[in-house]
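In: structure of the sequence below:
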Amino acid sequence: MKVLCAFPRFTVDLTSLCLFPNLFSPHVLVLKPQPLVELKELSIILDEIAVANGVKPEPRSFMPHLTVARFSRKICLSSKEQKKLTLDNLLGMNLLVNEVILYRSIPDRLGSQYIEMN
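Out: The predicted model follows:
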């Protein structure tokens, strides 16, 4: 995947901690990145590569995030806990993106398996 090798390095700031799909019935705890320009450009390239390799395109809009935890059961947070999780600039961490590896996700009853795509 030569096109990925040519993609320039960039830094992503992890600016907030959020619950998906919402605060009232969360399934996943994620870190949200900024800025989104490079990530959006990269997502377009990755979509094209995936489709060219027989993977169905993702119908949902692009939502960049880094999954921290998945909840196997419903959790309830107090309004004080919810407010803590949605504060902007909560973390101030950043990541240098200098390599991209594309994986195919194969879901099964025990969880997804991830296979590197060449």
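
In: need the longest helix for this protein.
Out: When secondary structure is assigned using DSSP state H, the longest helix within the chain turns out to be helix 37-52.

In: who's in contact with that one?
Out: For helix 37-52, the surrounding residues in contact (Cβ atoms under 8 Å, 6 or more residues apart in numbering) are 1, 3-4, 7, 10, 12, 33, 57-58, 62, 64, 97, 100, 102, 117. Backbone N, C-alpha and C define where each C-beta goes, glycine included.

In: restricted to buried residues, select those residues in ChimeraX.
Out: The ChimeraX command for the buried members of the contacts of helix 37-52 (criterion: 16 or more other Cβ atoms under 10 Å) is given here:
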select :1,7,12,33,64,97
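
In: I'd like the next helix or strand past the worst-scoring helix or strand of the chain on mean pLDDT.
Out: Least confident element among the helices and strands of the chain, by mean pLDDT, DSSP states H and E: helix 79-86 (a mean of 61). Beyond helix 79-86 on the C-terminal side, the first helix or strand identified by DSSP states H and E is strand 93-97.

In: what angle separates the longest helix of the chain from strand 93-97?
Out: With axes from the mean of the first three to the mean of the last three Cα atoms, to 10 degrees as the basis, helix 37-52 and strand 93-97 are set at 50 degrees to each other.

In: thanks a lot, catch you later.
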